[in-house]
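> give me a 3D structure for the following:
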Amino acid sequence: MSNNIMKQESRTETLKNEATRQRWELFHRAIAHAKQSNISSLEQDEKTAAEENAPVPLYPAAS
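The predicted structure is shown next:
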């Protein structure tokens, strides 16, 4: 009987540890995604700002 209880506790611990590992993995993936998203947003903002500050020709281009 005591072996069955030990096995049950062992399985429960294993499931808890696996669930905890999965939560941490998901958390770290979310952080990595947020960082990448932030970097992409900053790069897009810089690109837009550079385009807005581009010199405007004084005369229209010849067609």
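
> from the centroid of the protein, which residue is nearest?
H33 (1.2 Å; Cα atoms, centre = their mean).

> quick one: average pLDDT of the helix or strand containing it?
Using DSSP states H and E, the element containing H33 is helix 2-52. What helix 2-52 shows for mean pLDDT is 85.

> from now on call the first residue 421
Got it, the first residue is 421 from now on, which makes the last one we talked about helix 422-472.

> quickly note the distance from T434 to A450.
Counting by Cβ to Cβ, to the nearest Å, the gap from T434 to A450 is 25 Å. Backbone N, C-alpha and C define where each C-beta goes, glycine included.

> what's the spacing between N473 and K467?
For N473, the distance to K467 - Cβ to Cβ - is 11 Å.

> okay, those two: which has more neighbours?
Per other Cβ atoms under 10 Å, whichever of N473 and K467 has more neighbours is K467, with 10 against 7.

> any idea how far that one lies from I459?
Relative to I459, and taking Cβ to Cβ, K467 is found at 13 Å.

> check E466 too.
Distance from E466 to I459, by Cβ to Cβ: 11 Å.

> tell me, how many residues neighbour H448?
So H448, with other Cβ under 10 Å, has 10 neighbours.

> swap in E463?
Number of residues near E463 (other Cβ under 10 Å) recorded here: 10.

> and the gap between it and A470?
11 Å.

> SS state for Y479?
coil (DSSP: H, G, I helix; E, B strand; the rest coil).

> what sits against it?
Applying Cβ atoms under 8 Å, 6 or more residues apart in numbering to Y479 gives no contacts.

> now swap in E472 and tell me
Counting by Cβ under 8 Å, 6+ apart, E472 has no contacts.

> which pLDDT does the model give P480?
65.
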